[in-house]
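Enquirer: structure of the sequence below:
(chains A, B, C and D)
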Amino acid sequence: MRYLPLTDEDRRAMLARIGAASVDDLFSDVPAAAWTAPEGFDALPPHATEMAVERQLSALAARNVPAGSVPCFLGAGAYRHHIPASVDHLIQRGEFLTAYTPYQPEVSQGTLQTLFEFQTQVALITGMEVANASMYDAATGVAEAAAMACRITRRKHVLVSGGVHPHYGAVTESFLRYTDIATEVLDPNPLGIEDLMGRVSEKTACVIVQNPDFFGNLADLSALAAECHALGALLVVAVAEPVSLGLVTPPGEMGADIVVGEGHAIGSPLNFGGPGVGLFASRKKFVRHMPGRLAGETVDEDGRRGWVLTLSTREQHIRREKATSNICTNSGLIALAWTIHMTLLGEAGFTKLARLNHMKAVEMVERLEQVPGLQVMTRQFFNEVLVRLPGHDAAGIVETLAERGILAGVPLSRFHPNYPELADALLLCATETTETQDIDALANALTEVLR
Amino acid sequence: MRYLPLTDEDRRAMLARIGAASVDDLFSDVPAAAWTAPEGFDALPPHATEMAVERQLSALAARNVPAGSVPCFLGAGAYRHHIPASVDHLIQRGEFLTAYTPYQPEVSQGTLQTLFEFQTQVALITGMEVANASMYDAATGVAEAAAMACRITRRKHVLVSGGVHPHYGAVTESFLRYTDIATEVLDPNPLGIEDLMGRVSEKTACVIVQNPDFFGNLADLSALAAECHALGALLVVAVAEPVSLGLVTPPGEMGADIVVGEGHAIGSPLNFGGPGVGLFASRKKFVRHMPGRLAGETVDEDGRRGWVLTLSTREQHIRREKATSNICTNSGLIALAWTIHMTLLGEAGFTKLARLNHMKAVEMVERLEQVPGLQVMTRQFFNEVLVRLPGHDAAGIVETLAERGILAGVPLSRFHPNYPELADALLLCATETTETQDIDALANALTEVLR
Amino acid sequence: IEEPLIFEQGSPAKCGVDLPDPADKPDRLGGLARSGAIGLPGLSEPEVVRHYTRLSQKNYAIDAGFYPLGSCTMKHNPRLNERMARLPGFADLHPFQPQATVQGALAVMHHLSDWLLGLTGMEAVALSPAAGAHGELCGMQAVRAALDARGEDHRRTVLVPDSAHGTNPATAALCGFKVRGIPGDATGRVDVAAFKAALDDTVAGVMLTNPNTCGLFERDMVELAEAVHAAGAYFYLDGANFNAIVGRVKIADLGVDAMHINLHKTFSTPHGGGGPGAGPTVLSAALAPFAPLPHVVAEGDGVRLIEHIEGDMQPFGRMKGFHGQFGVFVRALSYMMSLGRDGLRQASGDAVLNANYLMARLGDTLTASFEGPCMHEALFDDRFLKGTGVSTLDFAKAMIDEGFHPMTMYFPLVVHGAMLMEPTETESRETLDAFCDAVLALAAKARAGDAAFFTEAPRHTPRRRLDETKAARTPVLRWEPPAPARAAE
Amino acid sequence: IEEPLIFEQGSPAKCGVDLPDPADKPDRLGGLARSGAIGLPGLSEPEVVRHYTRLSQKNYAIDAGFYPLGSCTMKHNPRLNERMARLPGFADLHPFQPQATVQGALAVMHHLSDWLLGLTGMEAVALSPAAGAHGELCGMQAVRAALDARGEDHRRTVLVPDSAHGTNPATAALCGFKVRGIPGDATGRVDVAAFKAALDDTVAGVMLTNPNTCGLFERDMVELAEAVHAAGAYFYLDGANFNAIVGRVKIADLGVDAMHINLHKTFSTPHGGGGPGAGPTVLSAALAPFAPLPHVVAEGDGVRLIEHIEGDMQPFGRMKGFHGQFGVFVRALSYMMSLGRDGLRQASGDAVLNANYLMARLGDTLTASFEGPCMHEALFDDRFLKGTGVSTLDFAKAMIDEGFHPMTMYFPLVVHGAMLMEPTETESRETLDAFCDAVLALAAKARAGDAAFFTEAPRHTPRRRLDETKAARTPVLRWEPPAPARAAE
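Expert: Numbers count the residues shown, from 1 in each chain, chains lettered A, B, ... in the order given. Take a look at the predicted model:
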């Protein structure tokens, strides 16, 4: 078998050195009761050639419709951007791909310096002072941010806006369910209108909002931040589309205390939604309450600048049940892809990419506003908007258009099946990969099916 | 522009340091007459984004039918094998991909050791004593072998069997056309029958044969080798399908003096026929007459084993018009892919792969022998055979089957349009990638169209 | 060769990506446009490629050498898996495409589930946890949900052996449990008497690692599980060391209620310098109803993704945005298909054989902490260094100069100066021998009194030992522009 | 870290590839089955990946640092080009598929032709030559064919400047020509008077490199070409240095009859440690009829590949199996499309600017061989090392220890101890400055009398200086099993 270097001769010689008669003898501590193949085991196939595996998996892949093979307007937390070929080339270098967490800094300076660059980039674009070396994704990052806010404020109430991605809300609720923290997730608010200010109190640990929100609305959060701070609460801002930070006022400038972002859209393909990378930034004074790894600058014995993982006394492998989080493995490679793509973009490219996305969305909206029977609901947006198709089931429309080779957005009913009033609502997104002809195809098809 | 690191500010500062007013000033030696854009220049497109180039080239690629997407029976010098994913991963490492010819051995030991491994592998499988570090491809390798044989024997007549790949013959003729060497290429001999022995004389520098020949026939070359040697001529053997050497008696054991092979089939995809890699091996005593680069073992100042390019006094950059060849750039990366694939295969894998190819071909032949109106002409073969479709134009049949999604071999008329007696002849090949269902599809379709 | 930070290179005028010019339409940002520069640097593509190539060259990795880091299962990462994960039909799928357009992807998830259930004999699997610790959380939240369903809110204690990974107590705490430690016995295993004595009706569950972190199989596991169940509690098995027993041990028959499986360890998806991984959690019939969303179920010819509560399912919630670590699933499935049931069994056998070979070759010189055959890891402590002035850390750093990644140091905590070595099955006997030769030579050197050789190691690395205290005392966690440049802003 | 040869590793029982078992049918080999073992080693996949990863780490490369190797145009290799060449619609095409099934591939060849003709203003292009020297052969064989067509068999001399690449005379010899050298003048260019004096009716053609190998533009090129044509001969331009003038100079108007274009230099397809490249040759109207087969021609909506003589074409033959270096064509086209006509012009400007910047910064310390602005290469000789005991070779080896690949040494032959530096346009000013700082520091060190520092260099490389004499005197060109093992066979 191609991955196993031992030969039968090796095995014999090694067993002799060990003084065991067989490999099975080495498993003598395993109770007889469990020393059998489980049911189902024999149904599993035996080893297969690389050629066969490639053929079978390629056949499965061929049963899917790649988003890039058709006009695609899906967003809702996962955004399709063009990734330069050098990103994937670099992350596949064995020295990055097949290394472990950089616990031995002398032979991990590559990964560590990259994480330090990542942290700086995340801090810069979010307008925050510090950032960690990544979380699993934004959803778990939001949950960790809520817990962190409770640690900082010593309060036990978390308020989640109805404009936060439903998955972020659900994961936060689940994550905190069995702690002594109460999580209140407000109803979805497609128009961006809800009375958060009126609900913050002196018991609130944090208010969690998203910008642009799940429905595409952009908001000025400054007043909310001031209100939170006046009441001793923290403002946590989630960013689902990191490209927006190239054009929109960053949360840090609006007064956010913790910013959580989903980073997959920069550097990584959609991958059916995972793995992603959680961006996690905060004010500097909160850093010892942060979950996750941190790379920090230091010097070596010869006085040369270098990097190490630091402040690990917050982490589970040191503090065990008193740790800030149980997170261990994170998203190193996706963070690396993010960093390389961000470095390729740089100041000029990142801001231009953001403007390009916005202008594509403006073009899409202008065209959709001409479709009879369709209402664009979102007034101020980055690259995604909510539309209504009064009298139509948005999910049905999406399926009809999929049969015609158009991936026509995400129906809200996928997240909120129990809100009949949202059944006609559809999220539509444009990015730099959206062509005018794609927009025309969408608008024409919608015009037809809405007739 | 993404590949150009200089900024306008850099350019200004650098021009100032140089003392030039503009970049154009640096071109002041260019005559005014040529200092204009050529016709056609303005019709060339301006720079394009990576996204746009990817889209345009992908659209062109989509206009082709990949051989692996349909049952494919094409050979005729280009063989489709499965390549392990690690081969392509490794050759894309920047340290291999973006290095130059290893002229500075202290910082090129990776490439040099690999070439030494390549030379050894080539020598072993051909049964020869030494091999060089690669030629462009087999066709140019055969031409160089002919010239080398003339240098060694100081004779001027080259005899090329009609069983040699028509491209090898044509390239050899072209290559030697303007030298004082006469090249005689015999007529195609689909049944492997021709009187080479009777044509060798004391004026013959070399006889060039192929095994298996272009029509798939396997031959024992020992008697021919003896005859050549008796008359002071050399025997040059071409191998178009290197996988055959895992199962068939190697040319070296049959008495070949020079062996030339096409290596692309191991390690590289088809690539529409190029780039390939010419394998080139000979008896040790002829090494100073060899064309191309050689890596050799030596020691460094500290006595440690290392490798260098050697015997370069044969080469053009030292000997100029007296060089053994004008070859400079060769096929380093394709040779690397070959070496890695061969190393993955090893003794066990290489011989098994060869047997697997042969058995697939036997299966194909057994099935084709049942197709009415089809005659299998080749009696002893490795993985390719010639069939006849009496009364039919093979090229037309192939086009018909292509429309049905089967790449049904190569019609001989593609090479020999002026031999009407070959119009019904078709070359068919099977490899380890050929499935029983592919063979069934071919046989069924042929049965239908030959009805 | 020194490599500056990207912030110390280039100029904001440079860009490594060409983009078309945006249309010049009025924006719809509602006045929320960013003002001022972000402060990102600008580099051309050649500079970026070179920068990250050079940084990569400062890393050690499996591709480059032996990486016997205990508890981390650093095995070969086949490139086939990378190629498969990059097929456009997998990599370029949006998570919210209509399900009819992603049937192949849902089939991948379903096949993966079948493999994990077939290999463990368990009842159900939750695919969505993102990593091992996340899988632990899944399992323990399922325990909590089951207890809540039973109305047993007095059960709030979780027993965790002292040798456990730190993630175990941290996870238990996240589920609102109190952690009670269980000591080990002289054989390196859980003290059965102490364990049983701790079982009362306040106990919600037990988190055990098996093979444990001392590299030993908890041979009383079935007895322990029976006691746990008899006490009305649940048995969580930390599957971090599943690589030692995959294809050989029926997890269900050990009495397990939940176990996470690190796809990035046992099933060889690359660690990537710290992730991503995936930690699917298999569940017993008792816990299966509480599995988090989403689920995948075969229906007719296809597979359906269930994202909301249906029928009588009682999920404790959702653990992850979208549908889990799909890209990792593809890689793991590709690996499982390649090795097959027979290959996985061979792999665990070879992993254990390799560890015992290290134990046999090193055990006479280094001090093995416990007796008997080990599983896939060999544990030593620092008694052999006593009086040499060389610490476990020093010894590890000296190994780096010999061309090897060190073993895990100072873990598990239950032995002094621990050295935990996990060779995995993808290392050859030649590599193991070269490693043992080097370690034995170092041990001889240490005992010969050459302490300075160790305390000054490593010497041949891009950096020598780094000052971790300084890093923690005055944390510098991001680049800041130098003061004069800031003033000029 | 030492890395043994594959033949010194593994065992024949190991295999890095799994294959299905062949059917067990009677063979049809006619008794020609191989007997006995081949002698190949056996390694598992993990061992192979590690072996070649470690070997790669012993190489210097553009991705890792500055590579100012004169005459080699070591520029950035965009990974986009690699990705495009690997699209199954390009990589997985058999050369003899019916043409209807490869229209996209033939369109690639046709687009590439359009680019090369558009950039040179020439009449026709032969795509099939495999490399620069092969392209030279193409051009000179076309010259020979044209002469033969004219019946001028007395023209058998080719003029080649003394500064030419060795491939030029070697190529001329292959075409049955005698080579006559032409000296250079004091400005580093061809001596016009000597050149004209050599032109008589035995001259078949001239092979000139422009920009020449001294890094200078042959400013009298048009005059020379007119003289060549007046003498009834043909003008071959060696296009190795096309990168200096692409997008700026109309090759046709220089009076050129044939020029090869190294796609792997000017158009950035990677060198791969020694190839593959591609050397398409553009031809004037006078030589176009003699272009070798195959040709690609647009017909209707499609493109047709012509593999045999049609109509009045008079090809001198065929240069290459199949249809040329298609994989290289895709990469070059991807690069041309990316830079576009404006980008290519910018690139040649930047390449020349960078070279002149090196000249400006180094010219006061190192000895520039000739005056005036250079093109894309800066040529120095070893006068500045006179009396220091340091040779050009020593100086080059010391550069390696500074982290840079050396420049080209001892070429061109027309100056003493030549150092030819070609920075290319893809290097930043920061890199050039770092390089110049290092070179100037080395020059100061050499003149300060520290010769040993140079003669002992390099020190920090996988190997120190290698014994090339030993390698050539007693050539060891392949691994042989050690004697005892052989006896045991």
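Enquirer: skipping adjacent residues, who's closest to whichever residue of the stretch 351-451 of chain A sits closest to chain C in space?
Expert: Among all residues of the stretch 351-451 of chain A, residue A:380 sits closest to chain C, at 3.0 Å; criterion: Cβ to the nearest Cβ. Where you see a C-beta, it was placed from the backbone N, CA and C, and this is true even at glycine. Distances taken as Cβ to Cβ, 6 or more residues apart in numbering or on different chains put residue C:30 closest to residue A:380, at 3.0 Å, once the chain neighbours are dropped.
Enquirer: sketch out the low-pLDDT regions of the chain for me.
Expert: Here I'm looking at chain A. Chain A contains residues with pLDDT under 70 at A:36-38.
Enquirer: hm, I was asking about chain C
Expert: Checking chain C against pLDDT under 70 turns up C:484-489.
Enquirer: what's the local residue count around the nearest residue to residue C:370 once chain neighbours are set aside?
Expert: Nearest in space to residue C:370, with sequence neighbours left out and distances taken as Cβ to Cβ, 6+ apart, is residue C:188 at 3.7 Å. Residue C:188: 22 surrounding residues under other Cβ atoms under 10 Å in any protein chain shown.
Enquirer: can you tell me the element residue C:188 falls in?
Expert: Residue C:188 is part of no helix or strand, with elements assigned from DSSP states H and E.
Enquirer: now it. Its backbone dihedrals?
Expert: Dihedral pair for residue C:188: phi 90, psi 10, per degrees, to the nearest 10.
Enquirer: so residue C:42 sits against residue C:7, correct?
Expert: No: Residue C:42 is beyond contact range of residue C:7, at 10.6 Å (criterion: Cβ atoms under 8 Å).
Enquirer: tell me which of the two has more neighbours.
Expert: For residue C:42 versus residue C:7, neighbours defined as other Cβ under 10 Å are more numerous around residue C:42 (24 against 20).
Enquirer: the residue nearest to residue C:370 and residue C:163, how far apart?
Expert: Separation of residue C:188 from residue C:163 (Cβ to Cβ, to the nearest Å): 8 Å.
Enquirer: common neighbours of those two, please.
Expert: Common neighbours of residue C:188 and residue C:163 are listed as C:212, C:214, C:414 (criterion: Cβ atoms under 8 Å, 6 or more residues apart in numbering or on different chains).
Enquirer: tell me who's in contact with the last one.
Expert: I take that to be residue C:414. By Cβ under 8 Å, 6+ apart, the contact set of residue C:414 is C:162-163, C:184, C:188, C:214.
Enquirer: what helix or strand does it sit in?
Expert: Using DSSP H and E, no helix or strand contains residue C:414.
Enquirer: then the first one?
Expert: In the assignment (DSSP H and E), residue C:212 maps to no helix and no strand.
Enquirer: surely it touches residue C:160?
Expert: No: here residue C:212 lies out of contact with residue C:160, judged by Cβ under 8 Å, at a distance of 11.7 Å.
Enquirer: and the gap between the residue nearest to residue C:329 when sequence neighbours are not counted and residue A:47?
Expert: Nearest non-adjacent residue to residue C:329, counting by Cβ to Cβ, 6+ apart: residue C:112, 5.1 Å away. The spacing between residue C:112 and residue A:47, counted by Cβ to Cβ, is 17 Å.
Enquirer: equivalent analysis for residue A:326, please.
Expert: 35 Å.
Enquirer: try residue C:61
Expert: In terms of Cβ to Cβ, residue C:61 sits 26 Å off from residue A:47.
Enquirer: how about residue C:470?
Expert: 51 Å.
Enquirer: just to revisit the earlier point, would you confirm that the residue nearest to residue C:329 contacts residue C:326?
Expert: No: at 9.8 Å, residue C:112 does not count as touching residue C:326 under the criterion of Cβ under 8 Å.
Enquirer: CA-only coordinates of stretch C:295-302 in PDB, if you can.
Expert: Once non-C-alpha atoms are left out, stretch C:295-302 reads as follows in PDB (Å, rounded to 0.1, in the frame of the first residue of the first chain):
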ATOM      1  CA  HIS C 295     -28.000  16.300   9.200                       C
ATOM      2  CA  VAL C 296     -27.600  14.500   5.900                       C
ATOM      3  CA  VAL C 297     -30.000  11.700   5.100                       C
ATOM      4  CA  ALA C 298     -30.300   9.400   2.100                       C
ATOM      5  CA  GLU C 299     -33.700   9.700   0.500                       C
ATOM      6  CA  GLY C 300     -34.500   7.800  -2.600                       C
ATOM      7  CA  ASP C 301     -31.700   8.200  -5.200                       C
ATOM      8  CA  GLY C 302     -30.400  11.300  -3.500                       C
END
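Enquirer: still on that earlier bit, residue C:61 and residue A:47 - which one has more neighbours?
Expert: The neighbour count for residue C:61 versus residue A:47, taken as other Cβ under 10 Å, is higher for residue C:61 (28 against 21).
Enquirer: hmm, back to that, report the buried members of the contacts of residue C:414.
Expert: C:163, C:184, C:188, C:214 (16 or more other Cβ atoms under 10 Å in any protein chain shown).
Enquirer: could you export those residues as TSV, including secondary structure?
Expert: Formatted as TSV, the buried ones among the contacts of residue C:414 follow (DSSP: H, G, I helix; E, B strand; the rest coil):
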residue	secondary structure
C:163	coil
C:184	strand
C:188	coil
C:214	coil
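Enquirer: perfect, that will be all.
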